[in-house]
Every structure is written in C-alpha cells, then in structure tokens.
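>>> Structure, please.
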Amino acid sequence: MSTVTVSQCFNTDIDTVWAQIADVTLVSNWHPSVDFADLLSRNATGIGATRRCNFYDGTNVIEEVVSLNKKHYCFTLQIREFKGPINRFDSHWKLHSTPSGATQLTIVMDYDMKLSILGAAMNVLMIKRNMAKRLNHVMDALAHHLKTGEMINFDTQLIKDKRMNVDRV
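Residues are numbered from 1 along each chain as shown. Here you go, the predicted model:
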C-alpha cells in the first residue's frame with residue numbers, strides 16, 4: 001500500500017469548507033480537472049453518496065462516500081472504475097478548525113499498485129510525486145473558490161497560469 005498526504009489551511013470557517021467538500025455534486029465548483037459530476041445515488045451527502053467525476057480529458061471515475069463522521073468533519077471516498085496502474089484507491093478527508101478560525105484540510109490518499117514490480121517502480125518514479133503535486137493543485141483551486149466564489153474550470157486562467165489568489169495560513 002502507498003500513501004500520499006497533503007494539507008492546507010484556508011482562511012474560511014470549517015462549516016463553509018465542509019459544505020463544499022461533503023456534497024458530492026459540488027466538486028466541479030472547485031476541482032480544476034472535473035468538468036461536471038453526475039449524482040449516482042439518491043443523496044448528495046452522507047454514507048453512500050456517489051458521483052461520477054467526468055474529467056476534461058474525457059475520462060471519469062466513480063467516487064462513493066464509504067465512511068463519514070460529521071462531528072469530526074471527516075469522510076472517506078472509495079474511488080473506482082478508473083483507468084491506470086492503480087488497483088485500489090481510497091481518499092480520506094479531514095477538517096480541523098484552528099484557534100484563529102481558519103480551517104485545515106488534510107487529504108490522505110491510500111492506494112495499491114497493479115503490475116507488481118513494474119507498478120512499484122512506476123509508483124516510486126512518478127505516480128506518488130505527481131499525485132502529491134495534483135492534490136496540492138486541487139487544494140489551491142479549492143482555496144481560490146472559497147475565497148472568491150469563482151467556479152474553477154479548465155479554462156480558468158488563474159489555474160492554468162498557477163497564479164491563484166490564495167491566502168496561505
């Protein structure tokens with residue numbers, strides 16, 4: 001099993017951040033690679049909430065909330081039906097309110113590689129590093145959306161140029 005962890009603080013209260021990330025239909029508001037999301041379950045929040053993330057490159061994945069603790073502002077997404085050398089993929093999201101009123105988001109990606117030795121080599125040489133880079137880019141996009149309300153998309157110049165107006169705490 002491999003793990004990638006990223007964390008970022010936002011100058012936004014915890015309930016505002018939670019509202020954006022816990023509703024599976026809102027991912028296209030702030031995720032720079034997601035064109036749109038299809039709701040595949042009855043509910044957009046809670047255990048069992050399921051979405052299809054349709055990416056700008058024409059690919060997609062299914063994500064389902066498989067654990068949730070509203071009291072502690074955390075949930076786990078099981079990611080499936082994706083292409084690539086990854087066998088199993090879980091994404092753990094946890095919010096923490098800081099004494100200043102800011103919110104820290106930590107995302108932990110746990111995954112298993114396919115292809116035995118070749119998969120392990122690919123993980124060390126490129127996948128783990130690229131995944132951390134992409135997750136940090138997603139965090140920056142979420143921060144920009146939370147600060148400005150701007151919808152993040154493939155054509156957003158701030159995303160493409162990596163000149164986001166993001167306050168780091």
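>>> strand partners of whatever helix or strand residue 37 lives in, parallel vs antiparallel please.
Taking DSSP states H and E as the definition, residue 37 sits inside strand 34-39. Strand 34-39 has the following sheet partners, assigned by DSSP bridges: strand 50-55 (antiparallel).
>>> Give the buried residues for the strand it pairs with.
50, 51, 53, 54 (16 or more other CB atoms under 10 Å). From N, CA and C alone the C-beta is placed, and that goes for glycine too.
>>> ok, now stretch 32-46?
32, 33, 34, 37, 44, 45.
>>> start to end distance for it?
End-to-end distance for stretch 32-46: 24 Å, by CA to CA, to the nearest Å.
>>> Could you double-check that residue 113 sits in contact with residue 88?
No - Residue 113 lies out of contact with residue 88 (CB atoms under 8 Å); the separation is 9.2 Å.
>>> Looking at those two, which has the bigger crowd around it?
residue 113 (22 against 13; other CB atoms under 10 Å).
>>> Against residue 17, how distant is that one?
Noted for residue 113: a distance of 31 Å to residue 17, by CB to CB, to the nearest Å.
>>> again with residue 64
21 Å.
>>> quick one, which of these two is more surrounded?
Using other CB under 10 Å, the more surrounded residue of residue 64 and residue 17 is residue 17, with 22 against 17.
>>> which SSE is that one in?
For residue 17, the host element (DSSP H and E) is helix 14-22.
>>> re earlier: and the buried residues of stretch 32-46 as TSV, adding distance to residue 127 and pLDDT?
Formatted as TSV, the buried residues of stretch 32-46 follow (distance: CB to CB, whole Å; pLDDT from 0 to 100):
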residue	distance to residue 127	pLDDT
32	19	92
33	16	92
34	20	95
37	24	97
44	30	98
45	30	97
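>>> For residue 126, state which of those residues is nearest.
Residue 126 lies nearest to residue 33 out of those, by CB to CB, at 17.4 Å.
>>> Now the helix holding residue 17 - C-alpha only, CSV.
Presented in CSV, the C-alpha positions along helix 14-22 are these (Å, rounded to 0.1, in the frame of the first residue of the first chain):
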residue,chain,number,x,y,z
ILE,A,14,-14.9,24.9,8.9
ASP,A,15,-18.7,24.7,8.1
THR,A,16,-18.1,26.6,4.8
VAL,A,17,-15.3,24.3,3.7
TRP,A,18,-17.4,21.2,4.8
ALA,A,19,-20.3,22.4,2.8
GLN,A,20,-18.2,22.4,-0.4
ILE,A,21,-16.4,19.1,0.1
ALA,A,22,-19.1,16.9,1.7
